[in-house]
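Participant: Sequence first, then the predicted structure:
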Amino acid sequence: MQRSERIRHFRQWLEDNSQGQVRFSQGTGISNSPTIVELGLELICADLENSTTPSKFIFWGAIGVPPRHEVFIAAHVGGADATAVSARLVQMATRGASDPGYSSRNNNVAILVSNSDGKLYLRNKLHWTEESDPAVLASFGPAISVERVEVAIYPADSSASHSLQVRSFIAYLKDLFRLDIHEVRPWPGEEVSLAAPNLIGMSLQEIKDGVKTHGGYYQSDLLERFHIGLNCTPNKHFLILSGVSGTGKSSLIQRYALAAYKSATIKDLEDKFYFMCSVRPDWTDNTSLLGYYDVILQRYTVPRFLEAVLAATARPNHPVFVCLDELNLARVEYYLSDLLSCMELGTDIALHSNPLSYEGTNGMAIPATIPFPKNLYLIGTINTDETTHQVSDKVLDRAQVLDLSEFIDLDGFLTTQAAADPGIVDAVQYCAPVLASMNKVLQDAGLAFGYRTAKEIVLYCSLAKKLGVADMSQTLDRQLIQKVMVKLRGGDRQRDALQRLEELVSGFPMTLRVLRRMLTDLEEVGAFQY
């Protein structure tokens, strides 16, 4: 959207949401837009010549926030304070006839929001940039109170809304005005340039080719099962990917979304059709997904998952993919059960009990209930280790479950990595046979490692060679300890795997010593751990 269009839409939004006789004054140019000065914020430099006596003034402007964002600010002044503004304009023009500190015209009224009290101070000659003594404000009174402040962030996506610079600036405005800042969304829905994909109509080969194009390496059977499992029921799309860390669970979801939308980039999809939601261990109810009404802010807190639901509701023909990453870091039944019931029964999602919509922290109106969107594709990832919780049958019964540990193919994966990066070919040729053989043995014992571990071992060995470390065997020996052996733990069930590994690592003395110590621990105490 061009800047002129943004200005027009924001002005139109203010007009549509204002009642009574309102005087709008804007500062969106080079010389009259908001500027931070020593005494506070020069909100705008407005042309208030020939002003009537309106029931309200709205002073608004736009300021750029690095790297590419823009914040529109509107300060509402009404009631007795609007009358005080009109009186101040008459006073300044009258003094301009005899006082060199004023002008007889109000065509350049510089409006300051003071650091000291959050009030407005007006002058009709010069700017506030040269002033530094707060005592000077007394001569530019009376102090004008602001009744409401609204901001709109552009672009209207989560990258801007969640930007540290933008959030810091809005926090600054809140402290400056001593008021809550109301975030609004005046921009019309950006035209969706991406065509709505027909997932059922896509061939399996299209899915495979799309995933491969975006750097994914998965055995074909996995992609078939993933695609069919996610789309086999028309009104419910819920799938869980389990497996050891580093097998590409989260990246599969992202690559599948990219394959679905074909020519799109991840930037095209994020905050519109693809959402990453990381589960935290302290999630004990559904507010972390669906939000809550904040009585202090007097707004409805909109978390990322609810943003995805709203995005799916707004574009019912476009699939919206949500990755609930590390689903079982918290007890899934505590925070997801209500949502799963809505998905299963097709009932509405209950957000709050107020008969009227609340203002959301994303600037949207949040109703009490919202239908569960049939185009929401929910995919969770789970790891199976001591930091996670077991997933109950209630959850598993409602999902398709795929274990990616069954599909690890290190030889094929490392071959594709070498094809993409010729600089690691030597390291791949040396490491791949050892890693693949070890992983086959560990996989049978439930101790397999994933693609991430294998890739990082290869990159380590490749860099070591470039830096002049000639002994690749010694380098790999160190990496087997640092990346593989440190993760091994178990009991008698893994005895056979450890014994089979002993022969495989016989050429790596440091790894062999660690392995034999584990075997000794297993004999003496019945368990082993690095």
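Facilitator: Sure thing, it's come through.
Participant: next one: phi and psi at residue 135?
Facilitator: phi -60, psi -20 (degrees, to the nearest 10).
Participant: ok, how many other residues are close to residue 475?
Facilitator: Number of residues near residue 475 (other CB atoms under 10 Å) recorded here: 21. Backbone N, C-alpha and C define where each C-beta goes, glycine included.
Participant: SS state for it?
Facilitator: Using DSSP: H, G, I helix; E, B strand; the rest coil, the structure places residue 475 in helix.
Participant: What sits closest to it if chain neighbours are left out?
Facilitator: Counting by CB to CB, 6 or more residues apart in numbering, residue 475 lies nearest to residue 464, which is 4.5 Å off, once chain neighbours are set aside.
Participant: do the same with residue 308
Facilitator: Using CB to CB, 6+ apart and skipping residues adjacent in sequence, the residue nearest residue 308 is residue 275, 4.0 Å away.
Participant: Please apply the same query to residue 79.
Facilitator: Of all residues not flanking residue 79 in the chain, residue 147 sits nearest, at 7.2 Å (CB to CB, 6+ apart).
Participant: just checking, the residue nearest to residue 475 is part of a helix?
Facilitator: Yes - under three-state DSSP, residue 464 falls within a helix.
Participant: Need the per-residue pLDDT for it.
Facilitator: Residue 464 is assigned a predicted lDDT (pLDDT) of 96.
Participant: surely the residue nearest to residue 79 meets residue 82?
Facilitator: No - when contacts are counted by CB atoms under 8 Å, residue 147 is not listed as touching residue 82 (9.2 Å).
Participant: so how many other residues sit close to the residue nearest to residue 475?
Facilitator: Neighbours of residue 464 (other CB under 10 Å): 19.
Participant: That one touches residue 476, doesn't it?
Facilitator: No - here residue 464 lies out of contact with residue 476, judged by CB under 8 Å, at a distance of 9.2 Å.
Participant: What does residue 351 show for phi and psi?
Facilitator: Backbone dihedrals for residue 351, given as degrees, to the nearest 10, come out at phi -110, psi -40.
Participant: list the contacts for residue 408?
Facilitator: Applying CB atoms under 8 Å, 6 or more residues apart in numbering to residue 408 gives the contacts 247, 439, 443, 448, 450-451.
Participant: Put together a markdown table for those residues, with neighbour count, pLDDT and distance to residue 65 on each row.
Facilitator: Below are the contacts of residue 408 laid out as a markdown table (neighbours: other CB atoms under 10 Å; pLDDT from 0 to 100; distance: CB to CB, whole Å):
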| residue | neighbour count | pLDDT | distance to residue 65 |
| --- | --- | --- | --- |
| 247 | 28 | 85 | 39 |
| 439 | 21 | 92 | 48 |
| 443 | 17 | 87 | 50 |
| 448 | 22 | 89 | 46 |
| 450 | 20 | 89 | 39 |
| 451 | 20 | 91 | 39 |
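Participant: in this protein, what secondary structure element scores lowest on mean pLDDT?
Facilitator: None of the helices or strands of the chain scores lower by mean pLDDT, DSSP states H and E than helix 158-161, at a mean of 56.
Participant: Specify the next element, helix or strand, located C-terminal of that helix.
Facilitator: Using DSSP states H and E, the helix or strand that directly follows helix 158-161 along the chain is helix 164-177.
Participant: Need the residues that contact the helix or strand following that next one.
Facilitator: Per DSSP H and E, the first helix or strand lying C-terminal to helix 164-177 is strand 181-183. Strand 181-183 has contacts (CB under 8 Å, 6+ apart) with 148-153, 161, 170, 173-174, 299, 359, 361-363.
Participant: how far out from the middle of the chain is strand 181-183?
Facilitator: Centroid separation for strand 181-183 versus its chain: 20 Å, with CA atoms, centre = their mean, to the nearest Å.
Participant: and the next helix or strand after that strand, what does it pack onto?
Facilitator: For strand 181-183, the following helix or strand on the C-terminal side (DSSP H and E) is helix 204-213. Using 3 or more CB pairs under 8 Å, 6 or more residues apart in numbering; DSSP states H and E, the elements in contact with helix 204-213 are helix 220-231, helix 249-260.
Participant: Can you say which of those helices is packed in most?
Facilitator: Sort those by mean neighbour count, taking mean count of other CB atoms under 10 Å, and helix 249-260 sits at the top with a mean of 23.
Participant: Okay, angle between it and helix 204-213 too, please.
Facilitator: 120 degrees (axes from the mean of the first three to the mean of the last three CA atoms, to 10 degrees).
Participant: what packs against helix 249-260?
Facilitator: When contacts are defined as 3+ CB pairs under 8 Å, 6+ apart, helix 249-260 sits against helix 204-213, helix 220-231, strand 238-242, helix 266-269, strand 274-278, strand 320-325, strand 376-382.
Participant: hang on, the earlier thing: closest one to residue 61 among the helices and strands packed on helix 204-213?
Facilitator: Residue 61 lies closest to helix 249-260 among the helices and strands packed on helix 204-213, at 38.1 Å (CB to CB).
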